[in-house]
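> coordinates for the following, if possible.
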Amino acid sequence: MGGFFSRIWQRLLRRAETRLVVLGLDAAGKTTFLTKLALGDPRTVVPTVGFNVQRLDYKNIHFTIWDVCGQEKTRPLWVLYLDNTQAMVYIIDSNDRQRIDESIEELDKIIREPAIKGKPLLIFCNKQDLPNAMQSEQISTKINFADYKRPCHIQPLCAISGQGIQEGLDWLANTLKSSQAH
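Numbering: from 1, shown residues only. As a prediction, the model looks like this:
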């Protein structure tokens, strides 16, 4: 009998996991973002081979964050990371003007996957600290948000300094909490 109540108590105390996938082209700053978020120090990072996973509590939400490699040859595998995902973060390298359109094309492809239909999308426009970076407003004009049919937010970011992380995650946390309330 004691084991029965113990199991019930453990289930009550267990926090629900919110699975978050972080996607974007190679060198967009996904791993730097995750390292800054988890450790507060975006040490020198090496390109991701495969994926990184980090657990993090933010605003009473227990996140399991999947940072997935953005190399061109591995992008077709992104769909494998979408099952049971509650939200997606997409990071765009605002300074890589030659690949902005490619990045948005990849976002357009992945956003149509049934596994994340209607799930919140947070787009970080990274590297805003660099002088050649496109402003997030300029990038947002290239994205057809009406086609996405989901809560979306675009946020300027400097992953190295962390500027913009809190604002973006606040939006995501509030959006997830309001969707759970309904």
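> following the lowest-mean-pLDDT helix or strand in the chain, which helix or strand shows up next?
Across the helices and strands of the chain, mean pLDDT, DSSP states H and E gives its lowest value to helix 2-13, namely a mean of 55. Where DSSP states H and E defines the elements, the next helix or strand beyond helix 2-13 is strand 17-23.
> just the CA trace of the next helix-or-strand element following that following strand, in CSV.
Remark: after strand 17-23, the chain's next helix or strand is helix 30-39, criterion DSSP H and E. Provided in CSV are the C-alpha atoms of helix 30-39 (Å, rounded to 0.1, in the frame of the first residue of the first chain):
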residue,chain,number,x,y,z
LYS,A,30,22.3,27.7,-32.1
THR,A,31,25.0,26.1,-29.9
THR,A,32,26.2,29.5,-28.7
PHE,A,33,22.6,30.3,-27.8
LEU,A,34,22.2,27.1,-25.9
THR,A,35,25.5,27.4,-24.1
LYS,A,36,24.8,31.0,-23.0
LEU,A,37,21.3,29.9,-21.9
ALA,A,38,22.5,26.8,-19.9
LEU,A,39,25.8,27.9,-18.6
